[in-house]
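Enquirer: One predicted model, sequence on top.
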2 protein chains.
Amino acid sequence: MHAKEAADLLGISQRMLRHYENEGLMVVGRAANGYRHYTPADLRRAARIRDFIATGFSTREIRAMAACLSDDGAGPCSGGIDKLTQKLAHIDRLRADLDARRAAVVDRLGELRAALDKDALVD
Amino acid sequence: MHAKEAADLLGISQRMLRHYENEGLMVVGRAANGYRHYTPADLRRAARIRDFIATGFSTREIRAMAACLSDDGAGPCSGGIDKLTQKLAHIDRLRADLDARRAAVVDRLGELRAALDKDALVD
DNA sequence: CCAAACACCTACATACATGTCAGGGTTTGA
DNA sequence: TCAAACCCTGACATGTATGTAGGTGTTTGG
């Protein structure tokens, strides 16, 4: 599949897709006319890169754990496990935090609605 | 507590701690001599910011959240129920996003560990 | 009282994600 | 065949995280 369709599917810009290549995170085949051709495997790899970046990894870090990117990424990805585990801790802390804050917001929303209802009665 | 101790506890640099302040993510009290004084609440807030940043959120995004999520956020959030409801939707999307990301990371981690175990058997 | 350790601030520097524009080729449908 | 829609490369631009260095005041242990 061509660049635009791939980018649209992944929800990122063609610019970023090219960026992944420039940074050595993936290699994409070309058609005779020089156009990039994204295979399903390419899409999965790009999606992983996208998620890694969205989760705060730099291209440098991602490159260092390239083995974690391929579908069959069994290889020496052990360094990646540590980093991923660390990242999990961050995410879990955030989740707990968001839960607590969400509860607080829900509470305040309840208060405000109660106040509005009371006002409505007075009106 | 002073800057160095706080930074060491949080595992970040004093530079970043100051950065959080410059970006308007937190306000830190000062002693008479001008030295910053970090309270336990400051430390918790800083830890949250640290985690948000480590997980790929920008100070801009964090700032936008802080305005409507702080305990006393009735002020800046006086826009009322609409804004809060909007924020709530935002938070819920974030939660869903973190859930998905976490699940993906857990899956990936499982695959990698399985692969390592298999390698161990062969050894 | 002095030196080491810390604090403060400003500012320059680097790395990276991303956008966008320029200039130029290719595909494709009407 | 012509225009719209794509593709490509390269370069410049911006926002943000983070380090580091220079210059200077403060604390504190010996």
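Expert: That came in fine, so what should we check first?
Enquirer: Report the secondary structure element holding the residue nearest to the spatial centre of chain A.
Expert: For chain A, the residue lying nearest the average C-alpha position, counting by C-alpha atoms, centre = their mean, turns out to be A:D51 (2.5 Å). Element membership of A:D51, judged by DSSP states H and E, is helix A:40-54.
Enquirer: Just the C-alphas of the next helix or strand after that helix, formatted as PDB.
Expert: Heading C-terminal from helix A:40-54, the first helix or strand you meet, by DSSP H and E, is helix A:59-64. Presented in PDB, the C-alpha positions along helix A:59-64 are these (Å, rounded to 0.1, in the frame of the first residue of the first chain):
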ATOM      1  CA  THR A  59      14.200   7.100  18.200                       C
ATOM      2  CA  ARG A  60      17.600   6.500  19.800                       C
ATOM      3  CA  GLU A  61      16.100   4.300  22.400                       C
ATOM      4  CA  ILE A  62      13.800   2.500  20.000                       C
ATOM      5  CA  ARG A  63      16.700   1.900  17.700                       C
ATOM      6  CA  ALA A  64      18.600   0.400  20.600                       C
END
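Enquirer: elements contacting helix A:59-64?
Expert: helix A:40-54 (3 or more C-beta pairs under 8 Å, 6 or more residues apart in numbering or on different chains; DSSP states H and E). Using the backbone N, CA and C atoms, a C-beta is placed for each residue, glycine as well.
Enquirer: For the helix it packs on, give me every contacting residue.
Expert: A:1, A:6, A:9-12, A:16-17, A:20, A:25-26, A:28-29, A:38, A:59, A:61-62, A:68-71, B:56, B:101, B:104, B:108 (C-beta atoms under 8 Å, 6 or more residues apart in numbering or on different chains).
Enquirer: In ChimeraX, how would I select the buried members of those residues?
Expert: The following ChimeraX line selects those of the contacts of helix A:40-54 that are buried, judged by 16 or more other C-beta atoms under 10 Å in any protein chain shown:
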select /A:6,10,12,17,20,25,26,28,38,59,62,68,69 /B:56,101,108
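Enquirer: separation between the residue nearest to the centre of chain A and DNA strand D?
Expert: 18 Å (C-beta to the nearest atom of the strand, to the nearest Å).
Enquirer: I am finished for the moment; much appreciated.
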